[in-house]
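Student: With the input below, show me the fold.
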Amino acid sequence: MAVHAHPDDESSKGAATMAKYVSEGVDVLVVTCTGGERGSVLNPKLQGDPEIEANIHEVRRKEMDAAREILGVSQEWLGFVDSGLPEGDPLPHCPRAASRSRTSTRRPAGWSAASAPSVRRSSRPTTRTAATRTPTTS
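Tutor: Sure thing, here's the model as predicted:
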């Protein structure tokens with residue numbers, strides 16, 4: 001099982017590992033937390049295309065469909081709305097109260113804290129891999 005925030009992360013983060021397991025006969029499940037509806041278009045040839053920008057959620061779903069087919073994985077959506085969180089280093093300040101109120105509105109109707117563990121239980125993963133960050137030296 002691989003859990004990713006957005007429906008393009010499975011292609012850029014761990015695709016080779018997932019494809020390897022699939023080739024060995026392992027059933028691989030990708031759990032996608034959001035629809036990627038606030039994502040950016042990183043391909044310079046597609047940036048500024050009004051059709052893509054207006055329908056980014058549909059574009060992300062089609063990308064996920066293609067990735068699922070190419071990688072040979074199964075996939076489930078958790079249904080969260082993409083946060084559009086600010087980026088930067090360091091991250092801009094986000095008041096705690098505002099953060100709590102925005103987070104609660106992002107949960108899909110009918111979602112409960114039990115949703116994610118129930119996906120894990122229903123898929124019954126047998127192999128787990130973890131990404132590790134390689135320490136850098138100054």
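Student: I'd like to know which helix or strand in this protein has the lowest mean pLDDT.
Tutor: helix 96-105 (a mean of 40; mean pLDDT, DSSP states H and E).
Student: In this structure, what residue spans correspond to helices?
Tutor: Taking DSSP state H, the helices of the chain run over residues 9-12, 15-23, 50-54, 56-71, 96-105, 115-123.
Student: which stretch in these is the model least sure about?
Tutor: Across the helices of the chain, helix 96-105 has the smallest mean pLDDT, namely a mean of 40.
Student: mind listing what's buried in stretch 48-66?
Tutor: 56, 57, 59, 60, 61, 63, 64 (16 or more other CB atoms under 10 Å). To be clear about C-beta, it is placed using only N, CA and C from the backbone, and glycine gets the same treatment.
Student: Same check on stretch 71-91?
Tutor: 71, 73, 75, 77, 78, 79, 80, 81, 82.
Student: Let me see the contact set for the closest residue to the second one other than its chain neighbours.
Tutor: Take residue 73 and drop its neighbours on the chain: the residue closest to it by CB to CB, 6 or more residues apart in numbering is residue 28, 4.4 Å away. The neighbours of residue 28, taking CB atoms under 8 Å, 6 or more residues apart in numbering as the test, are 1, 2, 18, 21, 22, 71, 72, 73, 74.
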